[in-house]
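# With the input below, show me the fold.
(one chain, ligands or ions: 1)
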Amino acid sequence: MSTAAAPARTVLGISSLSKTFPAQRALADVDLEVRAGEVHCLLGQNGSGKSTLIKVLAGYHTPDPGSAATLNGVPLALGSRITREQAVAFIHQDLGLVTEFDAVDNLALGSRYAGRWWLSERRELRAAQRLLAELEIELDPGRPIREATPGQRTMLAIARAVAATDGAPALLVLDEPTASLPQHQVEQLFGLMRRLRERGTAVLYVTHRLREVFAVGDRVTVLRDGRRISTEPVENMDHDKLIRLIIGREPAGFAPALPTAGTETLLKATGVSGGQVADFSVQVRAGEIVGVTGLVGSGFDQALGLTFGARPRAAGEVTLGGRPIVAGRPDRSIDAGIAYAPADRKGLSTIQEWTARENVTLPRLPATRKARWLGPRAERRAVRPWIRRLNVMPADPDRQLALLSGGNQQKLVLARWMRLDAKVLLLDEPTSGVDAGATAAIYDVLAGVAAEGRAVVLSSSDAEELCAVCDRVLVMRQGVVRTVLAKQDLSVARIVSETIRDSAPDDSADCSGTDHSAADHSAPDHSVTDHSAADHQEDRPCLSNVDPAS
Ligand SMILES: Nc1ncnc2c1ncn2[C@@H]1O[C@H](COP(=O)(O)OP(=O)(O)OP(=O)(O)O)[C@@H](O)[C@H]1O
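Numbering: from 1, shown residues only. Alright, predicted model coming up:
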């Protein structure tokens, strides 16, 4: 007879959950059980219903009649706000912290309303220190949290939920918390999740990154088209099986197109500065995919906006095929042959009231020089192939953008830039929030762009992504490109260690990658000479020939 232990008690039990929006059934008869002391991953393509499920749980949407749920065995009124006593915490991508406040005040925001407002400042500080120490969160409680890393902020938001629930939330719901965290901060966050799991918290974890399921998950539920397809222990899963469940068919392998062996320099940035960037210099050749990475604050996420001219430059020169690219004139940069997709695609570059097709084919962004404006029929014709290629759901070019899921909106805005015949594509975080299938499709598009003798520069905090697609990776620290890693030197461990490596302020490297006269860099290139920093980490190989969604 089997002596297998009985499953842990059910914290959240959802049965027959359905949600129908006008003209769209987002969830259909979903059952879900999340147990005490487990990390339960919720996966599915963009538009499969994950956010809707969480929003119903949080009381933001009212579900269809017939939907039911229990929390710790007690019926839960779906569609009503969760009360404090129910001890459910939601960590959304917008963490809801006040960045000008320090950790003590941010923690107090959650607990003051818990009736502890009489605590003195000193006692509050001590309580915050105790909590942070207990959860092993390294964070100075007295400093404004705008100075903290994104990973520390995420953990602080979780700590606040812990404080507000007297030590352990019954249920912690995390909605893609790692979307823009560098690898080592992801590891720290997973450490915290494991500690809460040990306290008996049930964790519902939404992610698109399959490797995270294997790193931290106990069980996994897959949604497809609003239906629950499967719930299984992670140990019964492998990568391909998971992909099959998510997309409903065999995954297509990612086979990067072979780049042309170009020697022509397309893009040259020299001494570009502005914002957090003190010196960004790079030369990009035809046929190359170049990555830029670093910690938040290193300037890596501002470098491409400065290069394109979307951000004001304090200094520096940018040329495309020898022609100067001036700052502050995105229209001219586009005409010259550069396209730029910022990371904040929703905030910066969509018109939510417009349709999908209008957002993809925004006037003034012609794919061919002739047509500055397309009629609705031509727009549909132009957009449909991208909807198919990136598997945008619903596949309706006339759907209002606001009614699409976050990831599907991301895909469309990215399509807007990828469909331009730009000589150089600049993309900030191209796959953040995008599902595994579309991520592979985007990598294919980028490889195709390079193979045509054009070029791509992408900034990313995802080391696996950089390994999978880049020919070269520039690592920025303190506003300056400090290391250039060539294809043969790319590994997750190497990128992580170069990203977090402490460097003396005057430490500099030749970082243009190709042109030694471009900037005043006298120290040797670390990518070639210094391997010491990476050695303490497991050196995982690059995944360039493996499905990049993994
Ligand atoms: N307010 C709304 N009105 C109409 N349709 C909606 C609304 N919100 C979501 N939908 C639709 O419901 C479906 C599920 O969307 P949901 O946001 O739950 O997906 P998701 O799995 O969270 O996607 P992503 O990974 O992109 O965040 C999608 O087809 C979406 O277009």
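# Any idea what the closest residue to Asp301 other than its chain neighbours is bridged to?
Distances taken as C-beta to C-beta, 6 or more residues apart in numbering place Ser459 nearest to Asp301, at 5.7 Å, with adjacent residues excluded. For the C-beta atoms, the positions are set from N, CA and C on the backbone; glycine is no exception. On the basis of DSSP bridges, Ser459 is bridged to Val292, Asp428.
# Look up how far Ala179 lies from Ser459.
Distance, Ser459 to Ala179, using C-beta to C-beta, to the nearest Å: 14 Å.
# and those two? which has more neighbours close in?
Applying other C-beta atoms under 10 Å to Ser459 and Ala179 shows that Ser459 carries more neighbours, namely 26 against 19.
# which residues touch that one?
Contacts for Ser459 (C-beta atoms under 8 Å, 6 or more residues apart in numbering) come out as Gly291, Val292, Thr293, Phe300, Asp301, Ala303, Leu304, Ala343, Leu427, Asp428, Glu429.
# before we move on, could you check phi and psi at Gln283?
For Gln283, the backbone dihedrals are phi -120, psi 130 (criterion: degrees, to the nearest 10).
# Please read the previous query as pertaining to Asp398.
phi -100, psi 10.
# Find me the pLDDT at it, would you?
We note a pLDDT of 94 for Asp398 in this prediction.
# Wait, it touches Glu358, no?
No: between Asp398 and Glu358 there is no contact under C-beta atoms under 8 Å: 9.2 Å.
# When those two are compared, which one has more neighbours?
Ranked by neighbour count (other C-beta under 10 Å), Asp398 and Glu358 place Glu358 first, with 19 against 12.
# That one contacts Glu379, correct?
Yes: using C-beta under 8 Å, Glu358 is in contact with Glu379, at 6.8 Å.
# Determine which residue lies closest to the centroid of this structure.
Ala179 (2.7 Å; C-alpha atoms, centre = their mean).
# Show me which residues of the stretch 251-400 of the chain sit near the ligand.
Met393, Pro394 (C-beta under 6 Å from any ligand atom).
# where do the helices sit along the stretch 251-400 of the chain?
303-308, 330-336, 345-349, 356-360, 376-389 (DSSP state H, counting those that start in this stretch).
# Glu85: how many residues sit nearby?
8.
# so where's the stretch 151-300 of the chain shaky on pLDDT?
Across the stretch 151-300 of the chain, the ranges flagged by pLDDT under 70 are 250-262.
# And the strands in it?
Counting by DSSP state E, counting those that start in this stretch, the stretch 151-300 of the chain has strands at residues 171-175, 202-206, 219-224, 227-233, 265-274, 277-285, 289-294.
# how is the protein carved up into domains?
For the chain, the TED database gives the domain ranges 10-247, 265-366+381-500.
# In a helix, Thr439, correct?
Yes: with DSSP: H, G, I helix; E, B strand; the rest coil as the criterion, Thr439 is part of a helix.
# what about it, distance to Tyr205?
Distance of Thr439 to Tyr205, given as C-beta to C-beta: 18 Å.
# likewise Ala128?
Between Ala128 and Tyr205 the computed distance is 26 Å (C-beta to C-beta).
# Chain neighbours aside, what residue packs nearest to the residue in the chain that the ligand sits nearest to?
Across the chain, no residue is closer to the ligand than Gly407, which sits at 2.5 Å (C-beta to the nearest ligand atom). Nearest non-adjacent residue to Gly407, counting by C-beta to C-beta, 6+ apart: Asn46, 2.9 Å away.
# residues near the closest residue to Glu317 other than its chain neighbours, how many?
Nearest residue to Glu317, sequence neighbours excluded (C-beta to C-beta, 6+ apart): Thr270, at 4.9 Å. Around Thr270 there are 19 other residues, counting by other C-beta under 10 Å.
# So Thr270 sits against Gly316, correct?
Yes: applying C-beta under 8 Å as the test, Thr270 and Gly316 come out as touching, 6.0 Å apart.
# what do these two both touch?
Ser281.
# And the residue nearest to Glu317, how far from Arg313?
Where Arg313 is concerned, Thr270 sits at a distance of 11 Å (C-beta to C-beta).
# got it, and Arg389?
34 Å.
# Could you check which of these two is surrounded by more residues?
Arg313 (23 against 16).
# Please name the residues that touch that one.
Contacts of Arg313 (C-beta under 8 Å, 6+ apart): Val272, Ser273, Gly274, Leu306, Ala327.
# at 10 Å what do you get?
269, 271-275, 277, 280, 305-307, 325-328 (C-beta atoms under 10 Å, 6 or more residues apart in numbering).
# now, which of those residues sits nearest Trp354?
Relative to Trp354, the closest of those is Gly305; by C-beta to C-beta it sits at 23.3 Å.
# ok, Ala382 - how many residues close by?
Counted with other C-beta under 10 Å, Ala382 comes out at 18.
# Settle this for me: Arg199 is touching Ala87, isn't it.
No: distance between Arg199 and Ala87: 11.8 Å, which falls outside the contact criterion (C-beta atoms under 10 Å).
# Touching both of these two, which residues are there?
Once C-beta under 10 Å, 6+ apart is applied, the residues that Arg199 and Ala87 both contact turn out to be Val162, Gly167, Ala168, Pro169.
# Just the C-alpha atoms of stretch 177-184, please, in CSV.
This file holds the C-alpha atoms of stretch 177-184, laid out as CSV (Å, rounded to 0.1, in the frame of the first residue of the first chain):
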residue,chain,number,x,y,z
PRO,A,177,6.7,40.0,-10.4
THR,A,178,9.9,39.1,-12.2
ALA,A,179,9.0,40.8,-15.5
SER,A,180,11.8,43.3,-15.3
LEU,A,181,14.1,41.9,-12.6
PRO,A,182,17.6,40.9,-13.3
GLN,A,183,18.5,37.2,-12.6
HIS,A,184,20.1,37.6,-9.2
